[in-house]
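Peer 1: return atomic coordinates for the entry below.
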Amino acid sequence: MEKILLVMCGAAPTKNALNFACYLSDMTRSKLVGFFFETAVYTLEPEWQGIEGNRDKEMPPQVTEIKSYMQGFEQTCETRGIPVSVRYLVDDIAESIIEESKFADLIIADAAISIHSKTQESPSPLLQHLLVAAQCPVIIAPSSFTPIHEVVYCYDGSASAVFAMKQLAYLLPELGEFRATVVQVNDEDIPANERKHITNWLSRHFESSDIVNLKGKSEQALFDFLLKKQDALVVMGAYGRNMVSRLFRHSHADLLIKTLPYPLFITHY
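Peer 2: Model prediction:
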């Protein structure tokens, strides 16, 4: 992996999202590109869309605070030895990020981009758009950062689920030293031949692994299982974009984005 995009809400970039992004960048020796914006500021002159090249000009009052966040972000990355660049977005925020994602390996979305949604919708319209249209996988950063010690694959036998498994393993082979768990919610067990293929694949990519088959209602059983996990990265392919909205609204789990307990890796097929 060579390039990670970090989408930060300029009004309140979270320390946990920054730490998580630096953690992955340091692990993979990848360049980190920070995108900053203020959801309330849409009337600034287009010239401020790119902060680089405008450093000698006086910034409008509305973005001076964001400038300090950007400088702090750069300093933090440079202190940690992480290659970094920053952009301040004003117009066509989502489309600018989507365009950049064509040649990026991963997007890390700060949970604050949903917290500061004007509609208070979870996930926010911006995040929903990224999940649908991004040209690379998206990780939604957790509300509290801890190093990853387990990868949990949400599996249903579909091509999308298998694709997500492969994408994660190829992008982050460094996680192979940890445990991987494949979890399926189905009253029937995974067929023996399919289970054998999964086991063999896991053994080639991870030090240890397990396959868990949960019984009961799909969403409830999965949410309850995930709530017990700690220090995990959860991978969603087939569940992905449709299920993630229900995940964040699930009343029993109370998994609003602002309290997301673990990173979610979501990809397309």
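
Peer 1: may I ask which helix or strand of this structure has the lowest mean pLDDT?
Peer 2: helix 240-249 (a mean of 54; mean pLDDT, DSSP states H and E).

Peer 1: could you give the separation of the next helix or strand along the chain from that helix from the chain centroid?
Peer 2: Counting by DSSP states H and E, the next helix or strand C-terminal to helix 240-249 is strand 264-266. Chain-centre distance of strand 264-266: 5 Å, with C-alpha atoms, centre = their mean, to the nearest Å.

Peer 1: and for stretch 146-164?
Peer 2: Offset of stretch 146-164 from its chain centre (C-alpha atoms, centre = their mean): 13 Å.

Peer 1: please save the CA atoms from it in PDB.
Peer 2: Output in PDB follows, covering the C-alpha atoms of stretch 146-164 (Å, rounded to 0.1, in the frame of the first residue of the first chain):
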ATOM      1  CA  THR A 146      -6.400   0.800  20.000                       C
ATOM      2  CA  PRO A 147      -3.900  -1.300  17.900                       C
ATOM      3  CA  ILE A 148      -5.500  -4.100  15.900                       C
ATOM      4  CA  HIS A 149      -5.000  -7.600  17.200                       C
ATOM      5  CA  GLU A 150      -7.800  -9.400  15.300                       C
ATOM      6  CA  VAL A 151      -9.500  -9.300  11.900                       C
ATOM      7  CA  VAL A 152     -13.200 -10.200  11.800                       C
ATOM      8  CA  TYR A 153     -14.600 -11.100   8.400                       C
ATOM      9  CA  CYS A 154     -18.400 -10.900   8.000                       C
ATOM     10  CA  TYR A 155     -19.100 -13.700   5.600                       C
ATOM     11  CA  ASP A 156     -22.100 -15.000   3.700                       C
ATOM     12  CA  GLY A 157     -20.600 -17.000   0.900                       C
ATOM     13  CA  SER A 158     -21.000 -14.300  -1.700                       C
ATOM     14  CA  ALA A 159     -18.400 -13.200  -4.200                       C
ATOM     15  CA  SER A 160     -18.500  -9.800  -2.500                       C
ATOM     16  CA  ALA A 161     -17.600 -11.200   0.900                       C
ATOM     17  CA  VAL A 162     -14.700 -13.200  -0.600                       C
ATOM     18  CA  PHE A 163     -13.500 -10.100  -2.500                       C
ATOM     19  CA  ALA A 164     -13.500  -8.100   0.800                       C
END
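
Peer 1: got a list of contacts for it?
Peer 2: Contacts to stretch 146-164, defined as C-beta atoms under 8 Å, 6 or more residues apart in numbering, come from residues 23, 165, 168, 175, 178-186, 190, 194, 198, 206, 222, 226, 229-240, 263, 265-269. Using the backbone N, CA and C atoms, a C-beta is placed for each residue, glycine as well.

Peer 1: repeat the analysis, applying 6 Å as the threshold.
Peer 2: 165, 175, 178-182, 184, 231-239, 267, 269 (C-beta atoms under 6 Å, 6 or more residues apart in numbering).

Peer 1: please spell out which residues along that stretch are buried.
Peer 2: Of the residues in stretch 146-164, 146, 148, 150-156, 160-162, 164 count as buried by neighbour count, 16 or more other C-beta atoms under 10 Å.

Peer 1: which stretches of the chain form helices?
Peer 2: Secondary structure of the chain (DSSP state H): helices at 15-28, 64-79, 93-101, 112-115, 125-133, 159-171, 192-205, 218-227, 240-249.

Peer 1: tell me which strands and helices the longest one is in contact with?
Peer 2: In this structure, helix 64-79 makes packing contacts with strand 31-37, strand 84-88, judged by 3 or more C-beta pairs under 6 Å, 6 or more residues apart in numbering; DSSP states H and E.
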